[in-house]
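In: Sequence first, then the predicted structure:
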Amino acid sequence: MNALVTKFFTLLVISSTVAAAQVTDDWRTFAERTAFRETPRYGPTLEYCKRLDAASDWVALQSFGTSPQGRDLPLLVLSSEGAFTPEQAHATGKAVVLIQSGIHPGEPDGKDASLMLAREIAITKSLAKLLERAIVLMVPIFNVDGHERFGPYNRINQNGPQESGWRVTSQNLNLNRDYLKADTPEMRAMLRLFTDWLPDLYVDCHVTDGMDFQYDVTYAMELYRNIDDEVAAWITERFLPPMLAGVNRSAHLIAPYIWPREYNDISKGFMSSAATPRFSTGYGAAQNRPSLLIETHMLKPYARRVSATYQVLLATLETVNGESDRLRRVVREADQRVIESALIEPPAYLPLSFRSTKNARDWTFLGVKSRKINSEVLGTSLVVFDSEPEVQTVPYYAGSDVVDSVLIPRSYVVPREYTAVIDVLRAHGIRLRTLTRPLELEAHLSRLTEPRWQAEPSEGRHSLRFKSAESSELRTFPAGSVVVPLDQRTGKIAVHLLEPRGPDSFVRWGFFDAIFEQKEYAEAYVIERVAQEMMARDTTLRLEFASKVRSDSAFARNPWARMNFFYQRSPYWDSSLGLYPVARISTTIDPAFLE
Ligand SMILES: [Zn+2]
C-alpha cells in the first residue's frame, strides 16, 4: 500500500514520457514535438500514418470506409510478414488485435499512443517482438468528422491537450451507443471491418470523467454472464494478471473502471456489471471476443495519460503474443458453442439483461482526500477532491445477476418488407437465407402492448417500453421471407437484435414503431349499428359489455374505449396491431426451401 502511495508521488515529479528507444527527431510524433500540449488534427495524423506505410514493409495504411462528411476512415495494418488482408492475416495463424481510438475524439489519448507504438514496432523496431505472434490493426481516429470539430472548449473536465475533437459524429450521434442499431455510416464501416478481420481481441481507448482518484488509467472487460464462460476465464486467468502486472511495472497505477454505486458517496462502494451490446465491450462480448476498454483519467496531464494508454497497449500486446494460440483457440471454440447452442435440445437460454450483483468484496481503493462543501452555485452540498492520497477500503460489487433471458430458437423469420432491419442484420455479418417457396411452420410470436415511448430523443431515437405476450400458431410464410439461422457464430447478435425484450433490440430502438399504429377507425354511428347487431346475436357479449360498464368506471366514461370494445371484437379489427412481425422457429427448416 505504501509502495503504491510512494509511486503516486513519484509520478507527480517525474515527467511520464514513454521509454522509447532512440527515436530520431524525424520520427517524433506531432504530440511529442509539442511536449504533449497538442494532439494532431486529422491531416497530420494521416500524414504520419502515410510515412509509416512508406517507410516500413510491416505497415499498410488502408481506408475502411467514408464518413458522412467524406473523410476516409483510416486503418493501419501492422504485420511482420506483410499480411495486409484478412485472408493473409488469418493464414498466418497469429492473433489479430484491433486497437481503436477516437470513437470519442475529444479523448485522443489512444491515437497519440498508437502512433508512437506503431513507430516502435515498425520503424525503430524496439518493439518488433509485438508482431511475432500477433497482427495489429490500429484505427487511430474512428469518429473522423467529430475529430475535426476541433477546439479548446470540447472537454471542460479534461486536462489537455489544448484542443481536441468533439464527442459525437457530424450527425450528432454517439458511436459508442451505435454498435447494435448501426445507424451511422461509421459504425456500418466498423462492423464490416470487424466481420472481415474478425479480431481475436478488441481494444477501445477513452478518457473517463467522474470522480478523482490516484489511478492514471482504469479498464473494463466483460466478465459477468454476457460473455462465453471460457472467454471470461481466459480474460481472468490468462490475460488480466500479466497485462496488469505489465502496466504496474511502468510508472502507472491501473484499476478496474470506477463506477460508484452512489454519486458523491464513495463509502457506498463501486460496482461492475455487464454492458449491453450498444457499447464496444458489450458488442465484443456478444461476438465472443475479449474486449478491453481503456479509460485514462481526465484530470491527469495529457502526457501522463498518453503514456498510461501506451503502457496498457504494450502490456496487452505482450500478453497476447504469449497467449496467441490459446486466445485463438478459446474464441473459436466459443464461436462453435454459439453455433451448437441453436441446435441443442432442450434449447439454451441467452441472458438479455442484467443488474449488478448484491454481493460485495473489499477493495483497497487508492483515492484522494475529499470533503463536502456547501456550494453557492448548486445550492446544495458538493464533494470536492484534494490532491492528497487517501487509501480506503470500500465494498466492490463485481458481477451480474440475470434479470431477463430468452430461449434461443433455431431461427427467426423476418418479413422481406422490413428492409431496414434486414440491412442491419447483414451489416453485422449475419448470414441470411431466403424461403424459395411458401412454407408452413410452427411460429412463436410476441404481441406487444402498452408501448410507452421516451419523450426525449436518445441517439436520435425514442426508445420504448412495452408488455409482451407470447403465443404459437401454424403460419404459412411466403416465398422471399428472410430466414436468420442461429447456428452461426454471430447468433447472439441476431438474438440481441431480434428479441423484442433485449435492451438494444430493434423494437427498443424504434425500428418497429409502426406496428403499434392503428390505421383504420370506425365512425361512431357505424359502430353503434354494428355493436347493436353483435349484442343481438350474442347474449354473452351483451352481458360482458354490461358487466364492464358496471365494474370499470373509467371504461364507462370513455366513449372511445366503449366503441373499441366492439370494434376489437368485430372482423374489421386489425389483428396485426402490436403483433411483432418476426417469428421464432424452433424446428429445423428443410434446406430444400432455402436459398
Ligand atoms: Zn469516451
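Out: Yep, it's here.
In: which residue does the stretch 251-400 of the chain bring closest to the ion?
Out: Nearest residue of the stretch 251-400 of the chain to the ion, counting by Cβ to the ion: residue 295, 7.2 Å away. (Each C-beta comes from the backbone N, C-alpha and C, glycine too.)
In: What is the helix or strand where that residue lies packed up against?
Out: Using DSSP states H and E, residue 295 sits in strand 291-297. Judged by 3 or more Cβ pairs under 8 Å, 6 or more residues apart in numbering; DSSP states H and E, strand 291-297 is in contact with strand 201-208, strand 217-221, helix 280-286, helix 302-341.
In: Now that strand: average pLDDT?
Out: If you average the pLDDT over strand 291-297, you get 98.
In: Which positions within it qualify as buried?
Out: Within strand 291-297, the residues that count as buried by 16 or more other Cβ atoms under 10 Å are 291, 292, 293, 294, 295, 296, 297.
In: just to revisit the earlier point, any chance of the helices and strands packed on strand 291-297 in JSON lines, plus mean pLDDT?
Out: Output for the helices and strands packed on strand 291-297, formatted as JSON lines (pLDDT from 0 to 100):
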{"stretch": "strand 201-208", "mean pLDDT": "98"}
{"stretch": "strand 217-221", "mean pLDDT": "98"}
{"stretch": "helix 280-286", "mean pLDDT": "98"}
{"stretch": "helix 302-341", "mean pLDDT": "98"}
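In: Which pLDDT value belongs to the closest residue to residue 399 other than its chain neighbours?
Out: Among residues not flanking residue 399 along the chain, residue 357 sits closest, at 3.5 Å (Cβ to Cβ, 6 or more residues apart in numbering). We have a pLDDT of 94 for residue 357.
In: What separation is there between residue 357 and residue 483?
Out: Distance, residue 357 to residue 483, using Cβ to Cβ, to the nearest Å: 38 Å.
In: Quick check, the residue in the stretch 51-200 of the chain closest to the ion?
Out: Across the stretch 51-200 of the chain, the shortest distance to the ion (Cβ to the ion) belongs to residue 104, at 3.5 Å.
In: residues contacting that residue?
Out: For residue 104, the contact set (Cβ atoms under 8 Å, 6 or more residues apart in numbering) comprises 143, 146, 167, 174, 175, 176, 206, 207.
In: what sits against the closest residue to the fifth one other than its chain neighbours?
Out: In this case it means residue 175. Closest residue to residue 175 apart from its sequence neighbours, by Cβ to Cβ, 6+ apart: residue 103 at 4.9 Å. By Cβ under 8 Å, 6+ apart, residue 103 lies in contact with 142, 143, 175, 176, 204, 206, 280.
In: Assumed residue 103 was part of a helix.
Out: No: Residue 103 sits outside any helix when classified using DSSP: H, G, I helix; E, B strand; the rest coil, being coil.
In: any idea how far it is from residue 258?
Out: For residue 103 relative to residue 258 (Cβ to Cβ), the value is 20 Å.
In: Kindly reformat the helices and strands packed on strand 291-297 as a markdown table containing distance to residue 541 and mean neighbour count.
Out: Shown next, in a markdown table, are the helices and strands packed on strand 291-297 (distance: least, Cβ to Cβ, whole Å; neighbours: other Cβ atoms under 10 Å):
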| stretch | distance to residue 541 | mean neighbour count |
| --- | --- | --- |
| strand 201-208 | 59 | 26 |
| strand 217-221 | 58 | 23 |
| helix 280-286 | 48 | 27 |
| helix 302-341 | 46 | 22 |
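In: Let me have these in JSON lines, extended by distance to the ion.
Out: Shown next, in JSON lines, are these (distance: least, Cβ to the ion, whole Å):
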{"stretch": "strand 201-208", "distance to the ion": "3"}
{"stretch": "strand 217-221", "distance to the ion": "12"}
{"stretch": "helix 280-286", "distance to the ion": "10"}
{"stretch": "helix 302-341", "distance to the ion": "12"}
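In: Dump those into CSV; add distance to residue 135 as well.
Out: Output for the helices and strands packed on strand 291-297, formatted as CSV (distance: least, Cβ to Cβ, whole Å):
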stretch, distance to residue 135
strand 201-208, 11
strand 217-221, 21
helix 280-286, 17
helix 302-341, 10
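In: Could you check the ones you listed and tell me which one is nearest residue 94?
Out: helix 302-341 (6.0 Å; Cβ to Cβ).
In: of all the residues in the stretch 151-300 of the chain, which ones are close to the ion?
Out: Applying Cβ under 5 Å from the ion, we find that the stretch 151-300 of the chain lies next to the ion at residue 206.
In: And the helices in the stretch 151-300 of the chain, which stretches?
Out: Under the criterion DSSP state H, counting those that start in this stretch, the stretch 151-300 of the chain contains helices at 185-197, 229-233, 240-249, 280-286.
In: Any regions of the protein where pLDDT drops low?
Out: For the chain, the stretches flagged by pLDDT under 70 are 1-23.
In: Skipping adjacent residues, who's closest to the residue nearest the centre of it in space?
Out: Centroid-nearest residue in the chain, with Cα atoms, centre = their mean: residue 279, separated by 1.7 Å. Take residue 279 and drop its neighbours on the chain: the residue closest to it by Cβ to Cβ, 6+ apart is residue 176, 5.8 Å away.
In: give the contact list for the one you found.
Out: So residue 176 contacts 103, 104, 204, 278, 279, 280 (Cβ under 8 Å, 6+ apart).
In: any chance you could map the helices in the stretch 351-500 of the chain?
Out: Counting by DSSP H, counting those that start in this stretch, the helices of the stretch 351-500 of the chain are 419-427, 491-498.
In: Would you mind finding the most buried of these?
Out: helix 491-498 (a mean of 25; mean count of other Cβ atoms under 10 Å).
In: continuing past that one, what's the next helix or strand?
Out: Note on helix 491-498: by DSSP H and E, the next helix or strand toward the C-terminus is helix 524-537.
In: Could you check how far that following helix is from the centre of its chain?
Out: A distance of 53 Å separates the centroid of the chain from that of helix 524-537, by Cα atoms, centre = their mean, to the nearest Å.
In: Identify all contacting residues around that helix.
Out: 522, 541, 542, 545, 559, 563, 566, 567, 569, 570, 572.
In: Quick check: the gap between the spatially closest residue to the first one that is not a sequence neighbour and residue 561.
Out: Right, the one you point to is residue 522. Excluding its sequence neighbours, the residue lying closest to residue 522 (Cβ to Cβ, 6+ apart) is residue 567, at 4.9 Å. From residue 567 across to residue 561, the span is 10 Å (Cβ to Cβ).
In: Equivalent analysis for residue 486, please.
Out: Distance, residue 486 to residue 561, using Cβ to Cβ: 41 Å.
In: Looking at the two now, which is surrounded by more residues?
Out: Taking other Cβ atoms under 10 Å, residue 486 and residue 561 do not tie; residue 486 has more neighbours (25 against 13).
In: Please list all residues in contact with residue 414.
Out: So residue 414 contacts 421, 422, 425, 481, 482, 483, 484, 498, 581, 582 (Cβ under 8 Å, 6+ apart).
In: Is it correct that the first one is in contact with residue 507?
Out: No: when contacts are counted by Cβ atoms under 8 Å, residue 421 is not listed as touching residue 507 (10.0 Å).
In: Near the closest residue to the ion within the stretch 401-550 of the chain, how many other residues are there?
Out: Residue nearest to the ion within the stretch 401-550 of the chain: residue 459 (14.8 Å; Cβ to the ion). Residues near residue 459, counting by other Cβ under 10 Å, number 18.
In: now the helices of the stretch 351-500 of the chain as TSV including distance to residue 527?
Out: Formatted as TSV, the helices of the stretch 351-500 of the chain follow (distance: least, Cβ to Cβ, whole Å):
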stretch	distance to residue 527
helix 419-427	35
helix 491-498	37
